[in-house]
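Enquirer: A structural model of the following input is requested.
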Amino acid sequence: MHTIILQPEIDQRSGVGKVASRIGIESEALTFNTADNLLSIIGNLTESSPLHCVLVDEAQFLTKQQVRQLSDVCDLLDIPVLAYGLRTDFQGNLFEGSQHLLAWADSLCEIKTICHCGRKATMVLRIDEQGRAIKMGNQVQIGGNDRYISVCRLHFKRGMSQRSVDELPLLDAQPLAGQ
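Expert: Sure, this is the predicted structure:
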(Lines give C-alpha, C1' and ligand atoms only; values in the text may rest on other atoms or scores of the structure.)
Protein backbone atom coordinates (compact mmCIF):
# COMPACT_ATOMS: atom_id res chain seq x y z
CA MET A 1 0.00 0.00 0.00
CA HIS A 2 1.15 3.49 -0.78
CA THR A 3 1.15 5.54 2.45
CA ILE A 4 2.35 9.08 3.02
CA ILE A 5 3.68 10.07 6.43
CA LEU A 6 3.28 13.71 7.43
CA GLN A 7 5.38 15.31 10.14
CA PRO A 8 5.29 18.89 11.45
CA GLU A 9 8.50 20.66 10.49
CA ILE A 10 8.88 21.86 14.08
CA ASP A 11 9.79 18.31 15.16
CA GLN A 12 13.29 17.56 13.91
CA ARG A 13 14.39 15.22 16.72
CA SER A 14 15.12 12.44 14.20
CA GLY A 15 16.22 14.79 11.44
CA VAL A 16 14.30 16.76 8.83
CA GLY A 17 11.72 14.62 7.06
CA LYS A 18 12.30 11.56 9.23
CA VAL A 19 10.04 9.94 11.82
CA ALA A 20 11.55 7.52 14.32
CA SER A 21 10.13 5.49 17.16
CA ARG A 22 11.81 5.07 20.52
CA ILE A 23 12.57 1.44 19.60
CA GLY A 24 14.45 2.46 16.46
CA ILE A 25 11.95 2.04 13.62
CA GLU A 26 12.17 4.97 11.23
CA SER A 27 10.70 6.20 7.98
CA GLU A 28 10.89 9.14 5.62
CA ALA A 29 8.19 11.78 6.06
CA LEU A 30 6.88 14.82 4.29
CA THR A 31 7.14 17.86 6.55
CA PHE A 32 4.49 20.54 6.84
CA ASN A 33 4.05 23.81 8.70
CA THR A 34 1.00 25.53 10.15
CA ALA A 35 0.42 27.53 6.96
CA ASP A 36 0.28 24.47 4.66
CA ASN A 37 -3.01 23.23 3.20
CA LEU A 38 -2.88 19.49 3.80
CA LEU A 39 -5.84 18.76 1.53
CA SER A 40 -4.00 20.42 -1.38
CA ILE A 41 -0.72 18.67 -0.61
CA ILE A 42 -2.36 15.25 -0.39
CA GLY A 43 -4.56 15.95 -3.41
CA ASN A 44 -1.48 16.80 -5.49
CA LEU A 45 0.21 13.57 -4.38
CA THR A 46 -2.74 11.49 -5.58
CA GLU A 47 -2.40 12.85 -9.13
CA SER A 48 0.78 10.85 -9.76
CA SER A 49 -0.20 7.60 -8.01
CA PRO A 50 -3.02 6.31 -5.83
CA LEU A 51 -2.63 6.99 -2.13
CA HIS A 52 -4.03 4.39 0.25
CA CYS A 53 -3.44 6.01 3.63
CA VAL A 54 -2.13 9.16 5.34
CA LEU A 55 -0.33 8.92 8.66
CA VAL A 56 0.20 12.12 10.66
CA ASP A 57 2.86 12.09 13.39
CA GLU A 58 2.77 14.60 16.28
CA ALA A 59 -0.81 15.54 15.35
CA GLN A 60 -1.10 17.84 18.36
CA PHE A 61 0.73 20.45 16.26
CA LEU A 62 -2.00 20.59 13.61
CA THR A 63 -4.10 23.73 13.36
CA LYS A 64 -7.89 23.73 13.47
CA GLN A 65 -7.92 24.32 9.70
CA GLN A 66 -5.56 21.41 9.08
CA VAL A 67 -7.76 19.06 11.08
CA ARG A 68 -10.67 20.16 8.88
CA GLN A 69 -8.51 19.61 5.77
CA LEU A 70 -7.66 16.09 6.94
CA SER A 71 -11.35 15.37 7.46
CA ASP A 72 -11.83 16.48 3.83
CA VAL A 73 -9.11 14.03 2.78
CA CYS A 74 -11.27 11.29 4.33
CA ASP A 75 -14.60 12.58 3.06
CA LEU A 76 -13.73 13.95 -0.38
CA LEU A 77 -10.70 11.90 -1.43
CA ASP A 78 -11.81 8.73 0.38
CA ILE A 79 -8.34 8.25 1.90
CA PRO A 80 -8.10 7.13 5.53
CA VAL A 81 -6.08 9.37 7.85
CA LEU A 82 -4.39 8.08 11.00
CA ALA A 83 -3.24 10.83 13.35
CA TYR A 84 -0.99 10.19 16.34
CA GLY A 85 -0.21 12.76 19.00
CA LEU A 86 -0.57 13.95 22.54
CA ARG A 87 -3.85 15.09 24.00
CA THR A 88 -2.53 17.60 26.54
CA ASP A 89 0.56 19.67 27.17
CA PHE A 90 2.78 19.81 30.27
CA GLN A 91 0.25 22.07 32.02
CA GLY A 92 -2.73 19.80 31.35
CA ASN A 93 -4.17 21.96 28.55
CA LEU A 94 -5.37 20.62 25.21
CA PHE A 95 -3.23 21.32 22.16
CA GLU A 96 -5.13 23.02 19.32
CA GLY A 97 -4.73 20.04 17.00
CA SER A 98 -5.75 17.57 19.70
CA GLN A 99 -8.82 19.60 20.64
CA HIS A 100 -10.14 19.57 17.10
CA LEU A 101 -9.17 15.96 16.43
CA LEU A 102 -11.14 14.95 19.52
CA ALA A 103 -14.14 16.82 18.10
CA TRP A 104 -13.86 15.76 14.43
CA ALA A 105 -12.37 12.26 14.38
CA ASP A 106 -14.51 9.33 13.27
CA SER A 107 -12.94 7.18 15.96
CA LEU A 108 -10.39 7.50 18.74
CA CYS A 109 -7.98 4.82 19.85
CA GLU A 110 -5.93 5.57 22.91
CA ILE A 111 -2.45 4.08 23.14
CA LYS A 112 -1.94 3.27 26.77
CA THR A 113 1.11 4.36 28.72
CA ILE A 114 1.81 3.46 32.32
CA CYS A 115 2.79 5.82 35.16
CA HIS A 116 5.60 4.79 37.50
CA CYS A 117 2.91 3.84 40.06
CA GLY A 118 1.28 1.35 37.67
CA ARG A 119 -1.80 3.43 36.86
CA LYS A 120 -2.72 4.55 33.35
CA ALA A 121 -0.65 7.61 32.37
CA THR A 122 -2.85 10.28 30.80
CA MET A 123 -0.69 13.35 31.43
CA VAL A 124 2.87 14.51 30.85
CA LEU A 125 5.22 16.48 33.06
CA ARG A 126 7.96 18.60 31.54
CA ILE A 127 11.09 18.29 33.63
CA ASP A 128 14.34 20.20 33.86
CA GLU A 129 17.87 18.76 34.01
CA GLN A 130 17.52 18.13 37.75
CA GLY A 131 14.23 16.26 37.37
CA ARG A 132 12.06 19.10 38.68
CA ALA A 133 8.63 19.59 37.14
CA ILE A 134 8.46 22.76 35.03
CA LYS A 135 5.23 24.61 35.60
CA MET A 136 5.50 27.61 33.25
CA GLY A 137 6.73 28.21 29.71
CA ASN A 138 5.78 27.95 26.08
CA GLN A 139 3.27 25.25 25.24
CA VAL A 140 5.54 23.80 22.57
CA GLN A 141 9.04 22.65 23.42
CA ILE A 142 10.29 19.69 21.43
CA GLY A 143 11.83 16.95 23.52
CA GLY A 144 11.80 13.29 24.38
CA ASN A 145 12.30 11.18 27.46
CA ASP A 146 14.94 13.64 28.68
CA ARG A 147 12.34 16.45 28.91
CA TYR A 148 9.00 14.71 29.52
CA ILE A 149 7.65 11.89 31.66
CA SER A 150 4.24 10.23 31.37
CA VAL A 151 2.25 10.14 34.59
CA CYS A 152 -1.26 9.46 35.85
CA ARG A 153 -3.50 12.39 36.76
CA LEU A 154 -2.74 12.02 40.48
CA HIS A 155 1.03 12.20 39.95
CA PHE A 156 0.57 15.05 37.48
CA LYS A 157 -1.18 17.06 40.19
CA ARG A 158 1.44 16.08 42.77
CA GLY A 159 4.26 16.90 40.34
CA MET A 160 2.83 20.33 39.59
CA SER A 161 2.69 21.07 43.33
CA GLN A 162 6.19 19.78 44.22
CA ARG A 163 9.77 20.67 43.42
CA SER A 164 11.27 17.44 42.07
CA VAL A 165 9.90 14.45 40.21
CA ASP A 166 12.03 12.32 42.55
CA GLU A 167 9.80 13.59 45.38
CA LEU A 168 6.64 12.16 43.77
CA PRO A 169 5.28 9.72 46.33
CA LEU A 170 4.14 6.39 45.01
CA LEU A 171 0.58 5.42 45.78
CA ASP A 172 0.34 3.90 49.21
CA ALA A 173 -1.86 0.97 50.11
CA GLN A 174 -4.83 3.17 51.02
CA PRO A 175 -7.50 3.43 48.33
CA LEU A 176 -8.09 6.74 46.64
CA ALA A 177 -11.51 8.39 46.58
CA GLY A 178 -13.71 6.73 44.00
CA GLN A 179 -11.82 3.44 43.98
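Enquirer: Just the element for Gly97, please.
Expert: When elements are assigned from DSSP states H and E, Gly97 belongs to helix 96-104.
Enquirer: and that helix, how far out from the chain's middle?
Expert: Centroid displacement of helix 96-104 relative to its chain, using CA atoms, centre = their mean, to the nearest Å, is 11 Å.
Enquirer: Equivalent analysis for stretch 83-101, please.
Expert: 7 Å.
Enquirer: Endpoints of it, how far apart?
Expert: 8 Å (CA to CA, to the nearest Å).
Enquirer: buried ones in it?
Expert: Within stretch 83-101, the residues scored as buried using 16 or more other CB atoms under 10 Å are 83, 85-91, 95-101. Every C-beta, even on glycine, is put in place using the N, C-alpha and C of the backbone.
Enquirer: which one of those residues is nearest Glu28?
Expert: Comparing those against Glu28 with CB to CB places Ala83 closest, at 18.3 Å.
Enquirer: I'd like to know which elements the worst-scoring helix or strand of the chain on mean pLDDT is packed against.
Expert: Lowest by mean pLDDT, DSSP states H and E among the helices and strands of the chain is strand 18-20, with a mean of 73. On a contact count with 3 or more CB pairs under 8 Å, 6 or more residues apart in numbering; DSSP states H and E, strand 18-20 meets strand 3-8, strand 26-28.
Enquirer: what sits against His100?
Expert: Counting by CB atoms under 8 Å, 6 or more residues apart in numbering, His100 makes contact with Leu62, Lys64, Val67, Arg68.
Enquirer: Can you read off the pLDDT for it?
Expert: On pLDDT, His100 comes in at 96.
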